[in-house]
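Enquirer: Predicted model, plus sequence, below.
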Amino acid sequence: MTANQTNKSFVPKLRHHKATGQAYAVFNGKAIYFGRSDDPQSEQKYFQFVAEWGASGKAPLALTDEITVAELIAQFWIYAQSYYVRADGSNTHEMDNIKLAMRPLNKVYGHTQVKDFGPRALMTVRQKMVEQGICRSSVNKRIGRIRLMFKWGVANELVPGNIFSALQAVAGLRRGRSAAKETDPVKPVPQEYIDAIQPYVSKQVWVLIQLQLLTAARSGELVIMRPCDIDMSGKIWIYKPAQHKTLHHDHDRNIYIGPKGQELLKPFLLRPADAYCFSPQEAIADMRLERALNRKTPKGYGNTAGTNIKLNPKRQPGNHYTPNGLGHSVLKGIKRAFRPEEMSDSEFKTWKPAQHWHPHQLRHNAATYLRKEFGLETARIILGHRSAAITEVYAEMDQQKAMEAVVKVG
């Protein structure tokens, strides 16, 4: 690839194909022909195609609707890579969701022409997802992403409009009326399950857990916390995450940190203002130091410090936790906290304890408490929801008051 081709402003030049006399240009590695070189309309078609190519984010386009589903997926993927991006230029997790949705579609119907893909085909893809054991709500979301791709294809004149209209006729799966498995509603975590893992997780992970309970923030918002993102001028600190779930809707996100949270945070603020507060690299360094201090073998015997560390491990710890990384750390702590004495190491690797929980549930803990103690509107503001109906999903209904009322009524 030449230096010009790596330049984002590069536009492929119109060329002359000597053997056929055709005018053509190479877009995204594919030659597009516009007619004979001596025809004035060929140049007009070329300029029109360049304009449409630029408007689509320089994704591959076609002059005909005779494209396959696999080609449509490839073109939509290029568009999505330029659309689903964070402020720092990295792609959002939506790219992973798109990949999972497109995988069975490409496997079954990749070679099918787009104009021949209809509702029956979409229902076949959906059935494949059900057979894979994917839960009903996830199946509906993935089918929605497939429909979104076809809608994008219509907007870019890659898909006939009647195809997308027909796909909209495929209704989502309803609870209890399909073979797809159902998942239990997300519930708050019992406090004893949370307390049990404290000795088995790093101090970074433990403080993140406590901050979730105190602030009702999402784990993805807390793991990217930096001192420069926190306004410490008032009695209550205000944390504005650089990235959050509704940033692309131009919504502000304020996370309020009270005295307890401030005390937890202070040791992690002693760093450059733009450095992440919670670092897996620091957690590993702390673990190695603790092991060295607790070493029972005399220093003159056994391994010397650092000799049993891989020089080039496949996975390097990042400079901040990710939501998935935090979840893995919590799971390790849960397994160590509740491991039966008689369990073998081989069984332990694949064991999923009954006390399993995920950091996302901690937001439900906080939401339930806030709603019960301060009311729905206060909980909505702290959770950062635009609608109180969303807050109801997170906050468990306070049934105790209802039961007391029934007792009084008789």
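Expert: Structure received.
Enquirer: what residue is smack in the middle of this structure?
Expert: The residue lying closest to the centre of the chain (Cα atoms, centre = their mean) is residue 93, at 2.9 Å.
Enquirer: which residues sit in contact with residue 189?
Expert: 357, 361, 362, 364, 365 (Cβ atoms under 8 Å, 6 or more residues apart in numbering). For the C-beta atoms, the positions are set from N, CA and C on the backbone; glycine is no exception.
Enquirer: neighbour-wise, which of these leads?
Expert: residue 362 (26 neighbours; other Cβ atoms under 10 Å).
Enquirer: quick one: the one helix or strand that one maps to to chain centroid distance?
Expert: Using DSSP states H and E, residue 362 maps to helix 360-374. On the basis of Cα atoms, centre = their mean, to the nearest Å, helix 360-374 sits 23 Å off its chain's mean C-alpha point.
Enquirer: list the buried ones in it?
Expert: 360-372 (16 or more other Cβ atoms under 10 Å).
Enquirer: and that helix, average pLDDT?
Expert: Averaging pLDDT along helix 360-374 gives 83.
Enquirer: Who are the packing partners of it?
Expert: helix 203-215, helix 219-222, helix 376-383, helix 388-394 (3 or more Cβ pairs under 8 Å, 6 or more residues apart in numbering; DSSP states H and E).
Enquirer: can you tell which of the ones you listed is closest to residue 86?
Expert: helix 219-222 (11.1 Å; Cβ to Cβ).
Enquirer: next helix or strand past that closest one?
Expert: Next helix or strand after helix 219-222 toward the C-terminus (DSSP H and E): strand 230-231.
Enquirer: Relative to that next one, what are the paired strands and their orientations?
Expert: strand 237-239 (antiparallel) (DSSP bridges).
Enquirer: What are the contacting residues of the longest helix seen in the chain?
Expert: When the chain is parsed with DSSP state H, its longest helix is helix 136-155. Helix 136-155 is contacted from outside by 72-73, 75-76, 79, 97-98, 100-102, 105, 114, 117, 122, 125-126, 129-130, 134, 159-161, 163-164, 167-168, 170, 172-173, 175, 178, 180-183, using Cβ under 8 Å, 6+ apart.
Enquirer: Now it: buried residues?
Expert: Under 16+ other Cβ under 10 Å, the buried positions of helix 136-155 are 136, 138-140, 142-143, 145-147, 149-153.
Enquirer: Make JSON lines out of the residues you listed and add distance to residue 240 and pLDDT.
Expert: Shown next, in JSON lines, are the buried residues of helix 136-155 (distance: Cβ to Cβ, whole Å; pLDDT from 0 to 100):
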{"residue": "136", "distance to residue 240": "36", "pLDDT": "93"}
{"residue": "138", "distance to residue 240": "31", "pLDDT": "94"}
{"residue": "139", "distance to residue 240": "36", "pLDDT": "95"}
{"residue": "140", "distance to residue 240": "33", "pLDDT": "95"}
{"residue": "142", "distance to residue 240": "33", "pLDDT": "96"}
{"residue": "143", "distance to residue 240": "35", "pLDDT": "96"}
{"residue": "145", "distance to residue 240": "30", "pLDDT": "96"}
{"residue": "146", "distance to residue 240": "35", "pLDDT": "96"}
{"residue": "147", "distance to residue 240": "35", "pLDDT": "96"}
{"residue": "149", "distance to residue 240": "34", "pLDDT": "95"}
{"residue": "150", "distance to residue 240": "37", "pLDDT": "95"}
{"residue": "151", "distance to residue 240": "33", "pLDDT": "94"}
{"residue": "152", "distance to residue 240": "32", "pLDDT": "92"}
{"residue": "153", "distance to residue 240": "37", "pLDDT": "90"}
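Enquirer: out of those, which one sits closest to residue 235?
Expert: Using Cβ to Cβ, these come closest to residue 235 at residue 138, 42.8 Å.
Enquirer: how's the chain carved up into domains?
Expert: The chain is divided into the following domains under automatic domain parsing: 1-55, 64-183, 191-295+316-359, 361-409.
Enquirer: Among those, which comes closest to residue 301?
Expert: Using Cβ to Cβ, the nearest of those to residue 301 is domain 191-295+316-359, at 10.2 Å.
Enquirer: rewinding a little: return the member of the contacts of residue 189 nearest to residue 277.
Expert: Among the contacts of residue 189, and counting by Cβ to Cβ, the member closest to residue 277 is residue 362, at 17.6 Å.
Enquirer: isn't that closest one right up against residue 211?
Expert: No - using Cβ atoms under 8 Å, residue 362 makes no contact with residue 211, being 9.2 Å away.
Enquirer: sorry, back to before: so the helix holding residue 362 versus helix 203-215, what angle?
Expert: Angle, helix 360-374 to helix 203-215, by axes from the mean of the first three to the mean of the last three Cα atoms, to 10 degrees: 30 degrees.
Enquirer: Also compute the angle for helix 360-374 relative to helix 376-383, please.
Expert: 140 degrees.
Enquirer: which residues touch helix 360-374?
Expert: Against helix 360-374 from outside (Cβ under 8 Å, 6+ apart): 186-189, 194, 209, 212-219, 323, 327, 378-379, 382-383, 391, 394-396, 398.
Enquirer: From these, list just the buried residues.
Expert: Buried among those (16+ other Cβ under 10 Å): 188-189, 194, 209, 212-219, 323, 327, 379, 382-383, 391, 394-396.
Enquirer: mind showing which ranges of the stretch 101-250 of the chain have poor pLDDT?
Expert: The stretch 101-250 of the chain contains residues with pLDDT under 70 at 244-250.
Enquirer: would you list every one of the strands in the stretch 251-400 of the chain?
Expert: 255-257 (DSSP state E, counting those that start in this stretch).
Enquirer: pLDDT weak spots in it?
Expert: 251, 302, 304-309, 311, 385-400.
Enquirer: sorry, back to before: of the contacts of residue 189, just say which sits nearest to residue 17.
Expert: residue 361 (61.5 Å).
Enquirer: pLDDT score assigned to the residue nearest to the centre of the chain?
Expert: pLDDT at residue 93 comes out at 84.
Enquirer: mind putting the domains of the chain in JSON lines, distance to residue 303 included?
Expert: As requested, these are exported to JSON lines (distance: least, Cβ to Cβ, whole Å):
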{"stretch": "domain 1-55", "distance to residue 303": "47"}
{"stretch": "domain 64-183", "distance to residue 303": "38"}
{"stretch": "domain 191-295+316-359", "distance to residue 303": "10"}
{"stretch": "domain 361-409", "distance to residue 303": "38"}
